[in-house]
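Asks: After the sequence you'll find the predicted model.
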Amino acid sequence: MRLFDVNEKKEPVNERTVRLWTSNSLTEAHLIKARLTEAGIDCFLTNEHFTSLLPSHNGILGSGIQIIINEKDHEASSLVIEDILKPEKVDKVCPNCGSKNIDIGYGKRKKLYAPLMFFSIAFGIPLGNLTPNYFCKDCKSDV
């Protein structure tokens with residue numbers, strides 16, 4: 001009894017894959033992957049180990065943990081993670097003052113980045129993870 005026929009010819013599957021999102025955090029990448037899998041969208045992660053071993057090189061030349069999906073699922077997967085792809089559409093409220101005057105940026109940390117950028121350029125050391133966060137424009141606190 002044979003489980004498969006050796007002479008059986010299968011048609012090759014010609015599905016293209018595309019990069020949906022590049023994350024600097026392993027946790028964020030696995031959360032996005034879980035959301036996509038829960039929605040029935042097949043996906044996989046690349047560069048997990050490189051990003052974990054050299055976190056200071058994240059964001060350089062597109063490096064980071066990449067979430068790869070089938071090209072036919074791009075529109076559906078964009079809807080699943082729309083709050084991550086377009087964070088300006090999400091209504092945020094400041095937990096300190098209750099204001100809805102929230103913006104994306106560096107907030108109070110902006111003053112720290114100028115010397116860091118200078119030393120990075122002068123000594124050729126990568127900046128690392130300089131990611132903007134939500135901050136309240138009224139009370140100047142990070143959200």
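Replies: The structure has been received and is ready for your questions. Source: prediction; values computed, not measured. Residues are numbered from 1 along each chain as shown.
Asks: Please count neighbours and contacts with C-alpha atoms only from this point.
Replies: OK.
Asks: pLDDT weak spots in the chain?
Replies: The model of the chain has pLDDT under 70 over residues 1-13, 58-62, 87-90, 106-109, 127-131, 143.
Asks: Go ahead and flag the most central residue of it.
Replies: Computing the C-alpha centroid of the chain and ranking residues by Cα atoms, centre = their mean puts Ser23 first, at 2.9 Å.
Asks: so where do the strands sit in the chain?
Replies: 17-23, 43-46, 65-70, 102-105, 133-136 (DSSP state E).
Asks: residues near the nearest residue in space to the residue nearest to the centre of the chain that is not next to it in sequence, how many?
Replies: Among residues not flanking Ser23 along the chain, Ile65 sits closest, at 5.1 Å (Cα to Cα, 6 or more residues apart in numbering). For Ile65, the count of nearby residues is 25 (other Cα atoms under 10 Å).
Asks: buried ones in stretch 86-104?
Replies: Residues Lys92, Cys94, Ile102, Asp103, Ile104 are the ones in stretch 86-104 that count as buried (16 or more other Cα atoms under 10 Å).
Asks: sorry, back to before: columns distance to Ser78 on top of the strands of the chain, output as CSV?
Replies: Listed next are those as CSV, based on distance: least, Cα to Cα, whole Å:
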stretch, distance to Ser78
strand 17-23, 8
strand 43-46, 13
strand 65-70, 11
strand 102-105, 20
strand 133-136, 21
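Asks: which of those strands is buried the deepest?
Replies: strand 65-70 (a mean of 21; mean count of other Cα atoms under 10 Å).
Asks: Might one say that the residue nearest to Ser23 is in contact with Thr51?
Replies: Yes: using Cα atoms under 8 Å, Ile65 is in contact with Thr51, at 6.4 Å.
Asks: okay, and the common contacts of the two?
Replies: Shared contacts of Ile65 and Thr51, defined by Cα atoms under 8 Å, 6 or more residues apart in numbering, comprise Asn24.
Asks: And for Ile81, the neighbour number?
Replies: 17.
Asks: so how far is His74 from the closest residue to Cys139 other than its chain neighbours?
Replies: Counting by Cα to Cα, 6+ apart, Cys139 lies nearest to Cys97, which is 6.9 Å off, once chain neighbours are set aside. Relative to His74, Cys97 is positioned 38 Å away (Cα to Cα, to the nearest Å).
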